[in-house]
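Asks: give me a model of this one.
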Amino acid sequence: MNPVIFCGAGPGDPDLITVKGQRALAAADLVVYAGSLVPEALLKWTRPDCRHLSSAGLHLDEMISTIADAWLSGQQVVRLHTGDPSLYGAIFEQMAKLSQRNIPYTVIPGVTAAFAAAAALGVEYTLPEVSQTLILTRLAGRTPVPETESLASLAAHRTTMAIYLSISMVDEMTRILSKAYGSEGACAVVYRASQPDQKILWTTTGELAATVKKEKITRTALVVVGRVLDVSLKTLVHHSKLYDRHFAHGYREAEDQR
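Replies: So this is what the prediction gives:
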């Protein structure tokens, strides 16, 4: 029988699902989707007779039992996660439960919100000689994080950061980021990246909390911080070596600098 498919739905725009993900939805008999985050617009890729089930009101064992029953009856099951399922998707515990039942599974990756946010902001996270590291993280809430991965310790590196699942703790985030990047550090908030009601807020680390509260944003928002946000198309100074005419590599000789 076909394996259960864990599929990344992308950040929300139904056209940002991968072609492979779209094909999986088109072939599905049952789609169990993360109803609190995955827009129902994604379900347009399914057949009219496909059954849709939101997992928002289910606990883990209920969800796995539903998937297992459908799989045992020969149905093609797709578990549809927001963004990419490997990132804050609680996917591994689902895999473990399926493995206990000897049910095979496979994973189709998806576009995570951080990359939809970069597209919306028109930024490159890894600008030469500005930042070459991107940290994807979250604040500790009801789900703890290891002590060595606290936001304060990661922010101390002053790299580009995309902060998930933390907008409800914006006061704490503002305090930590202001200390690490300075109160005038460039910061942006992308609410519901790629979706019709997407909203972009440009602010500073010191004004982050005030900006978010003014716009009454309490969930489904990503915070981006780092020096790459300070660089505009007009102020770009450093360029990559990849396209430098004086830089040789395996596919191109360097031009004479004289």
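Asks: low-confidence ranges in the chain?
Replies: Scanning the chain with the threshold set as pLDDT under 70 gives 232-258.
Asks: just the strands from it, written as ranges.
Replies: According to DSSP state E, the chain carries its strands in the segments 4-8, 30-33, 51-54, 77-81, 105-108, 134-138, 160-164, 186-191, 199-204, 221-225.
Asks: buried sites along the first one?
Replies: Read it as strand 4-8. Using 16 or more other C-beta atoms under 10 Å as the burial criterion, the residues of strand 4-8 that qualify are Val4, Ile5, Phe6, Cys7, Gly8. Quick note: C-beta positions are derived from backbone N, CA and C, even for glycine.
Asks: most tightly packed of the strands of the chain?
Replies: Of all those, strand 77-81 has the most neighbours on average by mean count of other C-beta atoms under 10 Å, namely a mean of 28.
Asks: residues in contact with the closest residue to Gly35 other than its chain neighbours?
Replies: Once flanking residues are discounted, Gly35 sits nearest to Ser54: 2.8 Å by C-beta to C-beta, 6 or more residues apart in numbering. By C-beta atoms under 8 Å, 6 or more residues apart in numbering, the contact list for Ser54 reads Val32, Tyr33, Ala34, Gly35, Ser36.
Asks: distance of Ser54 relative to Pro39?
Replies: 12 Å (C-beta to C-beta, to the nearest Å).
Asks: what of Asp171?
Replies: Distance from Asp171 to Pro39, by C-beta to C-beta: 29 Å.
Asks: so for these two, which residue has more residues nearby?
Replies: Legend: neighbour count by other C-beta atoms under 10 Å for Asp171 and Pro39, higher for Pro39 (20 against 13).
Asks: which strand residues bridge the residue nearest to Gly35?
Replies: Assessed by DSSP bridges, Ser54 has beta-bridge partners Tyr33.
Asks: one step back: any chance of the strands of the chain in a markdown table with distance to Leu87 as columns?
Replies: Formatted as a markdown table, the strands of the chain follow (distance: least, C-beta to C-beta, whole Å):
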| stretch | distance to Leu87 |
| --- | --- |
| strand 4-8 | 9 |
| strand 30-33 | 17 |
| strand 51-54 | 20 |
| strand 77-81 | 9 |
| strand 105-108 | 12 |
| strand 134-138 | 7 |
| strand 160-164 | 8 |
| strand 186-191 | 16 |
| strand 199-204 | 21 |
| strand 221-225 | 12 |
